[in-house]
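S.K.: Build the 3D model from these lines:
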Amino acid sequence: MNKLLKLLCPDEYLSSVSQIDLQALRNRGFSAILVDLDNTLVPWRKSEVPKATHDWLQKAKEYGFKVCIVSNTRFPNRLKRLAKEMNLPYVNRVLKPRRGGFREALRLLGVEPEHAVVVGDQVFTDILGGERLGLYTILVRPLSKHEFIATIISRFFERMLLRFFERRGMLAIKDGAKPS
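M.R.: Model prediction:
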């Protein structure tokens, strides 16, 4: 596979974080999850954490995962408040897909890259950033259709790419989360 395509192809594609098989990740030796905030844990610009997210985070903690939010948000006070509510550390303004924010999250959690998973809703930020660092990546469908204008534009190219991966049998769809 072309190296660039590999960097854009998630290891798994799921409908939401609640579909992540935490036991399977533990069995593979993963102990940390670096997770995006907007449209992954909470709908874009919303200030309430959905019950499904709270439930998933509780389950992740029960499996012994360390979890850290890695976000590009331009609203640090909102991130700080939500991270406090979820009792999670966070790294802000990481400029994904740059690797620095992921490295900072690994440092905060005290975890080596081979034991970490990246979870996010965007190929060109979350997945590309995680893959550039050699991390296992899980793409989830966005929680909301409301998004930043640049994200709406990138979704067009993202859908084309995901369909390409699907046609080539390169996309590991685990729960029927088909590209739209």
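
S.K.: for the record, mean pLDDT for the helix or strand hosting residue 157?
M.R.: Assigned by DSSP states H and E, residue 157 belongs to helix 149-167. The average pLDDT for helix 149-167 rounds to 91.

S.K.: in it, what's buried?
M.R.: 151, 154-155, 158, 161-162, 165 (16 or more other CB atoms under 10 Å). The C-beta positions use only the backbone N, C-alpha and C, and glycine is treated the same way.

S.K.: Same question for stretch 75-95.
M.R.: So stretch 75-95, judged by 16+ other CB under 10 Å, has buried residues 78-79, 82-83, 86, 88, 90-92, 94.

S.K.: What about those residues, which are in strands?
M.R.: 90-91 (DSSP state E).

S.K.: Show me the buried residues of stretch 75-95 that map onto helices.
M.R.: Under the assignment DSSP state H, those contribute 78-79, 82-83, 86 to helices.

S.K.: quick one: which two of the buried residues of stretch 75-95 are the most distant?
M.R.: 86 and 94 (17.6 Å; CB to CB).

S.K.: got any ranges where this protein has weak pLDDT?
M.R.: The chain contains residues with pLDDT under 70 at 1, 176-180.

S.K.: one more time with 80
M.R.: The model of the chain has pLDDT under 80 over residues 1, 172-180.

S.K.: Let's have the ones in helices among the buried residues of stretch 75-95 in CSV, adding distance to residue 15.
M.R.: Formatted as CSV, those follow (distance: CB to CB, whole Å):
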residue, distance to residue 15
78, 25
79, 24
82, 22
83, 24
86, 20
